[in-house]
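S.K.: Build me a structure from this.
(one chain, ligands or ions: 1)
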Amino acid sequence: MKKLFFISISALLFFGIFSKELMAQEQPMAQRITLQYGSHREGKRMDAEMQRWREYGLGQFIHWGVYAIPGGHWEGKSYNGAAEWIRSWSEKSGAPAGWQKTYDNLYKQFNPTDFDAKAWARQAKDMGAKYVIFTTKHHDGFCLWPSKYTGYTIKNTPFKKDIVKEVVDAYDAEGIDVYLYFSIIDWNHPGYSSGIPKAEKDSLAYEDFKQFTRNQLIELLTNYPSAKGLWFDGSWDAAWIEQAAWTDELEKELRAFRPGLIIGSRFRADEYGKRHFDSNGVLMGDYEQGWERKLPSTIEQTKGNDWDCVMTIPPNQWGYNSDWSSSYIKTPYDLIAMLLQANSLNGNFVINFGPDGKGRIRPEEGDIAKQIGEWMRVNSEAVYGVTYAELPKPDYGYYTKKGNKLYLTVFNKPVNNIIRVAMAKTAEQKPSKAYFLADKKDLKLVSHNIGLDRDNNLYYDITLPDDFSSDMPFVIVIDLDEAAKKDQGNYRDALT
Ligand code: H79
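M.R.: Modelled structure (predicted):
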């Protein structure tokens with residue numbers, strides 16, 4: 001009896017520890033502390049807008065602003081950081097004399113005569129992107145829309161025209177959902193502070209900055225009503241973190257202003273300064289926004305949440321950098337592998353583009369977009385609207401799943417051309433048919449109990465044609481069929 005008790009307690013502990021809720025390191029209800037400014041929601045958002053977000057699979061990020069003019073370099077000197085951060089280049093670290101003043105006047109030359117929003121949108125569509133995140137304002141504070149709350153905007157450049165509007169209209173026309181990137185850092189606003197303001201005059205100035213930020217956000221949602229969400233950045237500032245009550249109120253205001261609005265976890269902190277996840281471990285916002293240039297490798301790491309991964313093509317350059325020569329540039333193959341890794345774990349993958357000061361998307365990025373698009377035209381069924389397949393990751397590549405179809409995107413083709421799919425003997429559904437997504441040609445599918453002792457799996461061998469080869473990943477569709485579940489192993493396992 002005692003032993004039975006012990007076993008059931010161990011089982012409870014085991015399943016408890018590995019259940020999704022506790023993997024999130026969420027506190028059990030009973031142990032939670034009361035939070036005034038914690039998460040507004042328990043569990044995933046299930047409305048139509050969020051379901052649409054969940055099905056995107058692939059997105060495009062665009063970083064564009066005044067920083068595209070220097071492109072990481074000025075007067076023969078190179079900034080040793082991300083090109084969109086170049087305003088923060090200090091003379092101590094090699095910046096040309098008077099650099100910040102120079103930068104703050106660059107907008108007077110911003111005249112991207114080659115900018116063609118429709119061409120960008122077409123290119124994004126051809127790549128297979130379902131959404132775009134566009135920088136309306138990066139840390140430098142330069143606004144790509146004619147904000148009425150500051151003079152540091154596109155309106156006061158030689159270009160004059162509202163770039164955000166052109167982008168929104170062009171992407172809307174291609175059926176690509178638009179998300180507005182907005183950094184709460186603003187190096188141009190006199191009241192902005194990254195640290196907590198100490199002197200009274202600084203606190204008062206910060207109050208102005210808060211009002212300004214709120215006004216700009218309402219302005220963006222007013223001017224671009226088709227935008228589906230806001231992608232926030234910069235919210236790690238101590239000054240911002242301290243504003244838990246105010247940011248909580250602002251989030252409520254934005255959501256009331258635009259029902260269905262999607263906001264990630266990088267917007268605000270709770271009253272204990274916890275970001276992304278509140279002090280009870282509950283996700284704040286609609287999806288986890290912490291996967292910047294990194295990817296989870298297990299479903300446990302995603303804590304069962306929605307999430308996006310935003311990725312640069314060079315190592316860490318978001319804005320245009322004119323010199324890619326000494327950097328590793330991710331290949332379409334690399335990016336497709338990351339895309340599938342993200343999709344296989346319920347995430348969206350977003351590839352960044354940094355147009356130059358004239359508004360051109362560089363040819364290298366154009367080629368990458370084109371090649372990804374060619375792959376997507378054949379294989380996007382394995383990317384859009386798919387979910388985690390609830391199977392261990394196979395060495396061959398990644399599983400994604402939609403309805404009764406299991407997709408195996410193969411990156412590592414076995415030398416014997418036989419792909420062995422393992423599934424639990426107790427699985428509800430069994431493979432009934434396998435074929436290439438590319439040409440729908442049936443592949444030989446045979447099930448085996450291969451006779452491993454104490455093995456809970458059955459194995460399904462899918463044979464690729466002898467002459468098959470591919471230098472890009474390819475997708476095998478495996479139809480799952482409930483009727484086939486009677487197909488059990490041929491031999492009983494040995495009893496020991
Ligand atoms: O827009 C791109 C980057 O410019 C922006 N996010 C992407 C989408 C970005 N800004 N900063 N970072 C990414 C990372 C910066 C981290 C640091 Fe810090 C800020 C290092 C020091 C200050 C936050 C605070 C992390 C460590 C301390």
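
S.K.: list the contacts for Glu55?
M.R.: Going by CB atoms under 8 Å, 6 or more residues apart in numbering, Glu55 touches Lys130, Tyr384, Gly385. C-beta here means a position set from N, CA and C on the backbone, and glycine is covered the same way.

S.K.: tell me the secondary structure for the closest residue to Lys252 other than its chain neighbours?
M.R.: Nearest residue to Lys252 in three dimensions, chain neighbours excluded: His40, at 7.7 Å (CB to CB, 6 or more residues apart in numbering). Classification of His40 using DSSP: H, G, I helix; E, B strand; the rest coil returns coil.

S.K.: Residues touching the lengthiest helix in the chain, excluding its own?
M.R.: Longest helix of the chain, by residue count under DSSP state H: helix 200-223. With contact meaning CB under 8 Å, 6+ apart, helix 200-223 is reached by 136-137, 143, 145, 147-150, 164-165, 180, 182, 184, 186, 189-193, 197, 227, 230, 239, 243, 246, 250, 253-254, 257-258, 261.

S.K.: What subset of the residues you listed is buried?
M.R.: With neighbours counted by 16 or more other CB atoms under 10 Å, the contacts of helix 200-223 contain buried members at 136-137, 143, 145, 147, 150, 164-165, 180, 182, 184, 186, 189, 191-193, 197, 227, 230, 239, 243, 246, 250, 254, 258, 261.

S.K.: where along the stretch 51-200 of the chain do the strands fall?
M.R.: Here the stretch 51-200 of the chain has its strands, by DSSP state E, counting those that start in this stretch, at 58-62, 73-74, 77-78, 131-137, 177-183.

S.K.: so how far is the third one off the chain centroid?
M.R.: Between the mean C-alpha location of strand 77-78 and the chain-wide mean there is a distance of 31 Å, by CA atoms, centre = their mean, to the nearest Å.

S.K.: which residues are contacting it?
M.R.: Gly72, Gly94, Ala95, Pro96, Asp323.

S.K.: gap between the spatially closest residue to the fourth one that is not a sequence neighbour and the ligand?
M.R.: The spatially closest residue to Pro96, leaving aside those adjacent along the chain, is Glu75, at 4.6 Å (CB to CB, 6+ apart). Look at Glu75 and the ligand: by CB to the nearest ligand atom, to the nearest Å, they are 23 Å apart.

S.K.: Next to the ligand, which bits of this structure? Give me the list.
M.R.: Contact residues, the chain versus the ligand (CB under 6 Å from any ligand atom): His63, Ala82, Glu84, Trp85, Asp233, Trp236, Glu292, Val310, Trp318.

S.K.: Just give the number of residues close to the nearest residue to the fifth one once chain neighbours are set aside.
M.R.: For Asp233, ignoring the flanking residues on the chain, the nearest one in space by CB to CB, 6+ apart is Ser183 at 4.4 Å. Applying other CB atoms under 10 Å, we find 19 other residues in the vicinity of Ser183.

S.K.: go on, the one 4 residues further on?
M.R.: In terms of burial, Trp187 registers 18 neighbours under the definition other CB under 10 Å.

S.K.: ditto for Glu26
M.R.: Neighbour tally, Glu26, other CB under 10 Å: 21.

S.K.: Contacts only, for it.
M.R.: Asn280, Gly281, Val282.

S.K.: of those, closest to Gln301?
M.R.: The shortest approach to Gln301 among the contacts of Glu26 belongs to Gly281, at 14.1 Å (CB to CB).
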